[in-house]
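**Student:** Sequence plus the predicted model coming up.
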Amino acid sequence: MTKKKFLFISPHPDDAELGIGGTILKLKKQGHTVFMVDLTDGEPTPFGTKEKRKKETKKATKILKVDERINLDLPNRYLFDNKEARFLVAETIRKYKPDILFCPYPEDAHPDHLAATKITEAARFYAKYTKVDLTGQPHYPFYLFYFFSSHLRVSVQPNFFIDISDCFAKKIEAIKCYRSQFIDNSKNKFVFSYIENINRHWGSLIRKEFAEGLFTKEAIEVNNFESIL
């Protein structure tokens, strides 16, 4: 297997863990290089603080075993698709040079999630520009995939699924690191049963115990059938 580079863009710490944590764990087990970028620190929240979130993120990152995780310190709750944000993410893409890029599904109730998707889509294109005031060399990730971590009760239909059966327990362990969000805040405790139910449902569609769904707007090239036979 050829080793690849993967970059996950998350609006807040915990969104990637919720939506695609199992895939991150699986990629690391397979020996790939994985980078994570949180656009904001996620604060303020009812039971969180900046210090708590930093500690929680550090614990979750240790479980995920990613190669590097950074925070771009853009404003939580007021994340906007603008030139500054696009340039920051474009420079990050140039720095890590991922083969595949991930960001949230482009339909959501949370304005930060919508902005994160628009920023990432634009930054992917900006990152390949020449004669532009950006650090690093031009780079264009060949694929952009969307993960599901939505605040909107929308009926989604992923294009394809990743078997995370052997990584699901670790995924839940990583999510539980965000105690201020999902344990101290009793309103959000439903998240654990929701994640189990949706990942189990998606798993059943491919005859696996657990799976994560992904969406793409672009065609995917398949050169052999080994992975689906």
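**Tutor:** Arrived safely, thanks for sending.

**Student:** make it CA atoms for all contacts and neighbour counts henceforth
**Tutor:** Will do.

**Student:** Let's verify Phe6: helix, strand, or coil?
**Tutor:** State at Phe6, reduced to three classes by DSSP: H, G, I helix; E, B strand; the rest coil: strand.

**Student:** Now for it, how many residues are close by?
**Tutor:** The number of residues packed near Phe6 is 21, by other C-alpha atoms under 10 Å.

**Student:** Bridging across strands, which residues link to it?
**Tutor:** Taking DSSP bridges as the rule, Phe6 bridges to Val34, Ile100.

**Student:** Next, the contact list for it, please.
**Tutor:** 32-35, 98-102 (C-alpha atoms under 8 Å, 6 or more residues apart in numbering).

**Student:** quick one: low-confidence ranges for this structure?
**Tutor:** Within the chain, the set of residues satisfying pLDDT under 70 comprises 227-229.

**Student:** Tell me where it has strands.
**Tutor:** Remark: strands assigned in the chain by DSSP state E are 5-10, 33-38, 68-71, 100-104, 143-147, 160-163, 211-215.

**Student:** could the ones you listed be laid out in TSV, adding distance to Gly22?
**Tutor:** Formatted as TSV, these follow (distance: least, C-alpha to C-alpha, whole Å):
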stretch	distance to Gly22
strand 5-10	13
strand 33-38	13
strand 68-71	16
strand 100-104	14
strand 143-147	11
strand 160-163	8
strand 211-215	7
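
**Student:** Quick check: which of those is nearest to Ala60?
**Tutor:** strand 68-71 (10.7 Å; C-alpha to C-alpha).

**Student:** who touches that closest one?
**Tutor:** Taking C-alpha under 8 Å, 6+ apart as the rule, strand 68-71 contacts 34-41, 61.

**Student:** With stretch 28-40 instead?
**Tutor:** So stretch 28-40 is in contact with 3-13, 24, 27, 64-76, 79, 96, 116, going by C-alpha under 8 Å, 6+ apart.

**Student:** pull the CA atoms of it into CSV?
**Tutor:** This file holds the C-alpha atoms of stretch 28-40, laid out as CSV (Å, rounded to 0.1, in the frame of the first residue of the first chain):
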residue,chain,number,x,y,z
LYS,A,28,-2.9,5.8,11.3
LYS,A,29,-3.1,2.0,11.9
GLN,A,30,-2.4,1.6,8.1
GLY,A,31,0.7,3.8,8.4
HIS,A,32,-0.5,6.9,6.6
THR,A,33,0.4,10.5,7.6
VAL,A,34,-2.5,12.4,9.2
PHE,A,35,-2.8,16.0,10.1
MET,A,36,-5.6,17.8,11.8
VAL,A,37,-6.5,21.5,11.8
ASP,A,38,-9.1,23.0,14.2
LEU,A,39,-10.2,26.4,12.9
THR,A,40,-11.3,27.7,16.3
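
**Student:** If anything else comes up later, I'll come back, but that's it for now.
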